[in-house]
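K.L.:
here is a sequence together with a model predicted from it:
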Amino acid sequence: MKTVTGRTLKIVAMITMFLDHVGAAFFERYILFLQHNGVDAVKYEVESRHPGLWMDFMGDPAFLRDFDALLRLIGRVSFPIFCFLLVEGFFHTRNVGRYLIRLFIFSIISELPFDYAFYGGVYSESQNVFLTLFIGMLFMYFAEKVLRDPLFFKKMSALAFIPAALTGALSTIHCVSLMFFASMFGIAADFSSPVVMAVMALIGAALGLVIYFILTKKMDVKNKPELFGVLLVLFITCALAFVLKTDYSVHGVLAIAVIWLCRKMGMTNKDGVMKGCILLFALNYTECTCFFSALLVERYNGEKGKYMKYLYYIFYPAHLTLLFCLRYLFIGV
């Protein structure tokens, strides 16, 4: 019996996300503080702020890491649910434009709380998940435009190719210039991170295209320009997420795209989310517990439940701000 409403899904997603962020924003930052300063210094810092609060486990990095890992595993359940709700909202909203504006505005509002919660200050190398959801919504909006209007792709393909080409060119120039200057000045630079990120982005985009080709065999897509147009939209939005370094990056946009495609094919909600989870897990093994989200979505009855339109929008920056404040009060970082 399907008894889960959209409201219930949102609440579960928010709770699991909160636990995930307790691990990432509080325990992981605390563990780093403990490793850099030593147990005695941290104990003195905590007790000077909060007399009598110190307990033995606070100085045990192994225990704290295990507890953090548990919280992060629980938190993996949240993102696929948010992806599903985004797709659900896309198909039911009366105004996609306002939906996009709302996501973009809250991505701006949430950026400072995101930076301070996870990095302790302004940080340009990672952007909050609202921007990922915004880009996922952009993909669905323009993909639908391509499928519904054969002329749309012909009108926009030349313009769409420009940012795609620029993205590839700038990424290539960036990596080549880094390697060139490092070798010229004899700097022993570690290129593993950008290389790994670039390879994962390419693999993710290629996997997304393969999945799309497989799925569209069952879709009513007769014109090749329409198919190529959707693929181009997918590539551009994935590239945008990668360049902007959004939370979940290419993986997140591809997961949203897969759930959207499954919905277009008439698959069940569970099948769509399960395929999105398979993609997330294939690209990042730490997403192993995300599959539990499909079990919850399977019981979704298609009803909104009690109206709570802005709860998640407000909750996201609010809980990040709270976690930063609590961490600052606790250890001053």
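P.N.:
On my side now, so go ahead.

K.L.:
how about the most centrally placed residue in the chain, phi and psi?
P.N.:
Centroid-nearest residue in the chain: residue 248, 3.1 Å away (criterion: CA atoms, centre = their mean). When read as degrees, to the nearest 10, the backbone of residue 248 gives phi 70, psi -10.

K.L.:
in contact with it, which residues?
P.N.:
79, 129, 132, 241, 255 (CB atoms under 8 Å, 6 or more residues apart in numbering). All C-beta spots, glycine's among them, are computed from the backbone N, C-alpha and C.

K.L.:
before we move on, what about residue 141?
P.N.:
Residue 141 is in contact with 90, 96, 100, counting by CB under 8 Å, 6+ apart.

K.L.:
repeat that for 10 Å
P.N.:
Residues near residue 141 by CB atoms under 10 Å, 6 or more residues apart in numbering: 90, 96, 97, 99, 100, 233, 237.

K.L.:
columns secondary structure, pLDDT and distance to residue 59 on top of those, output as JSON lines?
P.N.:
Converted to JSON lines, those look like this (DSSP: H, G, I helix; E, B strand; the rest coil; pLDDT from 0 to 100; distance: CB to CB, whole Å):
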{"residue": "90", "secondary structure": "helix", "pLDDT": "96", "distance to residue 59": "48"}
{"residue": "96", "secondary structure": "helix", "pLDDT": "95", "distance to residue 59": "52"}
{"residue": "97", "secondary structure": "helix", "pLDDT": "94", "distance to residue 59": "53"}
{"residue": "99", "secondary structure": "helix", "pLDDT": "95", "distance to residue 59": "47"}
{"residue": "100", "secondary structure": "helix", "pLDDT": "95", "distance to residue 59": "48"}
{"residue": "233", "secondary structure": "helix", "pLDDT": "86", "distance to residue 59": "52"}
{"residue": "237", "secondary structure": "helix", "pLDDT": "91", "distance to residue 59": "46"}
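
K.L.:
need the buried ones from the residues you listed selected in ChimeraX.
P.N.:
Command for ChimeraX, covering only those of the contacts of residue 141 found buried under the criterion 16 or more other CB atoms under 10 Å:
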select :90,99,100,233,237
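
K.L.:
pLDDT below threshold where in the protein?
P.N.:
150-226, 307 (pLDDT under 70).

K.L.:
ok, and the most crowded of the contacts of residue 248?
P.N.:
Of all the contacts of residue 248, residue 255 has the most neighbours under the rule other CB atoms under 10 Å, reaching 33 neighbours.

K.L.:
what helix or strand is it located in?
P.N.:
Taking DSSP states H and E as the definition, residue 255 sits inside helix 249-264.

K.L.:
going along the chain from that helix, find the next helix or strand for me.
P.N.:
Remark: after helix 249-264, the chain's next helix or strand is helix 269-283, criterion DSSP H and E.

K.L.:
run the chain-centre distance for that next one.
P.N.:
Put simply, helix 269-283 sits 14 Å off its chain's centre (CA atoms, centre = their mean, to the nearest Å).

K.L.:
pull the CA atoms of that helix into CSV?
P.N.:
Listed next in CSV are the C-alpha coordinates belonging to helix 269-283 (Å, rounded to 0.1, in the frame of the first residue of the first chain):
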residue,chain,number,x,y,z
ASN,A,269,9.2,5.8,-9.6
LYS,A,270,11.2,3.1,-8.0
ASP,A,271,12.8,2.0,-11.2
GLY,A,272,13.7,5.6,-12.1
VAL,A,273,15.3,6.3,-8.7
MET,A,274,17.0,2.8,-8.6
LYS,A,275,18.7,3.6,-12.0
GLY,A,276,19.8,7.0,-10.7
CYS,A,277,21.2,5.3,-7.6
ILE,A,278,23.1,2.7,-9.8
LEU,A,279,24.7,5.6,-11.6
LEU,A,280,25.7,7.4,-8.4
PHE,A,281,27.1,4.2,-7.0
ALA,A,282,29.0,3.4,-10.2
LEU,A,283,30.7,6.8,-10.1
